[in-house]
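Novice: I'd like to go over a predicted model; first the sequence, then the structure.
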Amino acid sequence: MTEQTAIVIGGGIIGLSIAFHLANDFQVTVLDRDHAGDKASYGNAAGMAVTEVMPVSVPGLAWKVPGWLLDPLGPLAVRPRHAVKLLPWLWRFSKAGKPSEVERIAVALAALNSRVYADLIPMLDASGLASQLQQKGALTVYESEHGPTRDAVEWDLKRRHGFEAVLMSGQAARDMEPSLGPLVKSAVFTPAWSHVRDPKALTETLKEWLVRERGVIMLPGNATALQSGSRPAIICEDGRRIEADRIVVAAGAWSGRLTKTIGDLVSIESERGYNTTLHSPGIQLTRELIFADRKFVATPLSIGLRIGGAAEFGGLESEANFKRSDALLTLAKRYFPALQTAGGTRWAGHRPTTPDSLPIIGRASRDKNIIYAFGHGHLGLTQAATTGRLVADVAAGRPDSIDLSPYSAARFA
């Protein structure tokens, strides 16, 4: 019997995790426009943010947005030329912030995040990457003693979904992370959170292992369209037409351009994030820190200290504004008095973000042999291994282990 074939469009951590699981049932090819490119899987903040079950859109957020937009060091920016195009996405985003929607979305996020380690650890063990995972928890810090109370709805939501959250004083936070300065007045410790030592090294090593041990083919090519049929096909920019028994779209923020060609108009935007990796930061951290008041993070990596965040909506074609990376370093100095910011490596990348904070996972509406796996926003690294297992089950016709309807592209119809 001829082995069935599967092509995954996208060679980031989502696509590679899918390839890992698909290889049990299919001959797998990963099609990527730039296998050597510095994609979001390489430059992300490295957090395994399993506790993040609260959608970005929440009641009361609209009152904070004007202040963020006016603050040059603020966490949010919208490029003026992209503002009108963003309006339909923003309308859906506002709807996702209703209390009933917040609870529904949290249940769906928790269904994915509660399975993360069960899927991730075997993948890391198999590919020789177990040492990448640092299970040290995370510390969310506040500039006020009342900060955790202000965010009580979020912390209570996380606890209801099984994630421990321990309230701490500012001094207790400094005892855990001595590099923190006096600006920190309170904190919350989440032991379930973890981080990886270097997301780029993880992605590249996994890719090499898939080729060497599982026979996965890495094929360069820029997919521009999909075609439905008994054997679906990909049309590439150079004119190639590539058929397969299954096609998986895992092209991140570019995925919507492909789904549109077979009639699925999904709501997805590029949310550009920025960071700087400081190779000689002058301080040491044990775990990832989240700065609740300023909406950025600091992660200790094997290659240095990564300070990142920001949410910039400007489309896929706009040039990066690295002043935002510099602004994050300015903020970080407020929290880390001894931080040395010279000589860092700046980075910007496109997060594929849906208005309801849920990824798009499942079959295309008009072709059961085309499967979607994108739109993970800030949780791509976190949810990659679980997404890979879910997609492989769909592709092989196995029963779904969780209800996939919350992640269906049909919700945007």
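Specialist: Now that the structure is in, tell me what you want to look at.
Novice: Could you use CA atoms for every contact and neighbour count after this?
Specialist: Noted.
Novice: domain parsing for this protein?
Specialist: 5-42+200-264+358-412, 48-110+130-196+268-353 (automatic domain parsing).
Novice: can you map out the helices along the stretch 151-300 of the chain?
Specialist: 152-160, 170-176, 199-214, 255-259 (DSSP state H, counting those that start in this stretch).
Novice: Give the next helix or strand downstream of the helix or strand bottoming out on mean pLDDT in the chain.
Specialist: In the chain, the helix or strand scored least confidently by mean pLDDT, DSSP states H and E is helix 61-70, which has a mean of 70. Remark: after helix 61-70, the chain's next helix or strand is strand 76-78, criterion DSSP states H and E.
Novice: Need the contact partners of the next helix or strand after that next one.
Specialist: Using DSSP H and E, the helix or strand that follows strand 76-78 towards the C-terminus is helix 83-96. Contact with helix 83-96 is made by 55, 57-58, 101-102, 267-269, 313-314, 354-356, as judged by C-alpha atoms under 8 Å, 6 or more residues apart in numbering.
Novice: for the next helix or strand after helix 83-96, packing partners?
Specialist: For helix 83-96, the following helix or strand on the C-terminal side (DSSP H and E) is helix 99-113. When contacts are defined as 3 or more C-alpha pairs under 8 Å, 6 or more residues apart in numbering; DSSP states H and E, helix 99-113 packs onto helix 380-396.
Novice: and the helices of the stretch 151-300 of the chain, which is most packed in?
Specialist: Across the helices of the stretch 151-300 of the chain, the average number of neighbours (mean count of other C-alpha atoms under 10 Å) peaks for helix 255-259, which reaches a mean of 21.
Novice: How far does stretch 219-232 sit from its chain's centre?
Specialist: Remark: stretch 219-232 is offset 25 Å from the chain centroid, using C-alpha atoms, centre = their mean, to the nearest Å.
Novice: now do the same end-to-end measure for that stretch.
Specialist: End-to-end distance for stretch 219-232, by C-alpha to C-alpha, to the nearest Å: 18 Å.
Novice: So for it, mean pLDDT?
Specialist: Averaged across stretch 219-232, the pLDDT comes to 96.
Novice: Tell me the buried residues in that stretch?
Specialist: Using 16 or more other C-alpha atoms under 10 Å as the test for burial, stretch 219-232 gives Leu219, Gly221, Asn222, Ala223, Thr224, Ala225, Leu226, Gln227, Ser228, Pro232.
Novice: Now the third one. Nearest residue, chain neighbours left out?
Specialist: On the basis of C-alpha to C-alpha, 6 or more residues apart in numbering, the spatially nearest residue to Asn222 that is not a chain neighbour turns out to be Arg33, at 4.4 Å.
Novice: quick one, what contacts that neighbour?
Specialist: Contact partners of Arg33, counting by C-alpha under 8 Å, 6+ apart, are Gly10, Pro220, Gly221, Asn222, Ala223.
Novice: Would you mind measuring from the third one to Asp238?
Specialist: Going back to what we said before, that points to Gly221. In terms of C-alpha to C-alpha, Gly221 sits 8 Å off from Asp238.
Novice: returning to what we had before: now the contacts of Arg33 in CSV, with distance to His279?
Specialist: Converted to CSV, the contacts of Arg33 look like this (distance: C-alpha to C-alpha, whole Å):
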residue, distance to His279
Gly10, 29
Pro220, 32
Gly221, 34
Asn222, 34
Ala223, 36
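Novice: Restricted to strands, list the residues you listed.
Specialist: Judged by DSSP state E, the subset of the contacts of Arg33 located in strands is Pro220, Ala223.
Novice: From the contacts of Arg33, pick the one nearest Lys207.
Specialist: Within those, distances to Lys207 taken as C-alpha to C-alpha reach their minimum at Gly10, with 11.9 Å.
Novice: what about the nearest residue to the closest one once chain neighbours are set aside, neighbour count?
Specialist: Using C-alpha to C-alpha, 6+ apart and skipping the chain neighbours, the partner closest in space to Gly10 is Ala251 (4.4 Å). Per other C-alpha atoms under 10 Å, the neighbour tally for Ala251 reads 26.
Novice: who does the nearest residue to His279 once chain neighbours are set aside bridge with?
Specialist: The shortest distance from His279 to any residue other than its chain neighbours is 4.3 Å, reached at Gly304 (C-alpha to C-alpha, 6+ apart). Counting by DSSP bridges, Gly304 is bridged to Leu301.
Novice: check contacts around Gly304.
Specialist: Contacts of Gly304 by C-alpha under 8 Å, 6+ apart are Thr277, Leu278, His279, Ser280, Pro281.
Novice: From the residues you listed, pick the one nearest Tyr117.
Specialist: The nearest member of the contacts of Gly304 to Tyr117, counting by C-alpha to C-alpha, is Thr277 at 26.2 Å.
Novice: Look up how far Phe313 lies from the closest one.
Specialist: Distance, Thr277 to Phe313, by C-alpha to C-alpha: 22 Å.
Novice: if you count what's nearby, which of these two comes out ahead?
Specialist: A direct count of neighbours by other C-alpha under 10 Å for Thr277 and Phe313 places Thr277 higher, at 25 against 22.
Novice: Next, the contact list for the more buried one, please.
Specialist: Taking C-alpha under 8 Å, 6+ apart, we find Thr277 in contact with Ile303, Gly304, Leu305, Arg306, Ile307, Gly344, Thr345, Arg346.
Novice: ok so, going back, any chance you could list what contacts the least confident helix or strand of the chain?
Specialist: With contact meaning C-alpha under 8 Å, 6+ apart, helix 61-70 is reached by Gly74, Pro75, Leu76, Ala77, Val78.
Novice: ok, of those residues, which one's closest to Ala187?
Specialist: Distance ranking of those against Ala187, using C-alpha to C-alpha, places Pro75 first at 19.8 Å.
Novice: Find me whatever residue is spatially closest to the closest one, sequence neighbours aside.
Specialist: Using C-alpha to C-alpha, 6+ apart and skipping the chain neighbours, the partner closest in space to Pro75 is Ala310 (4.5 Å).
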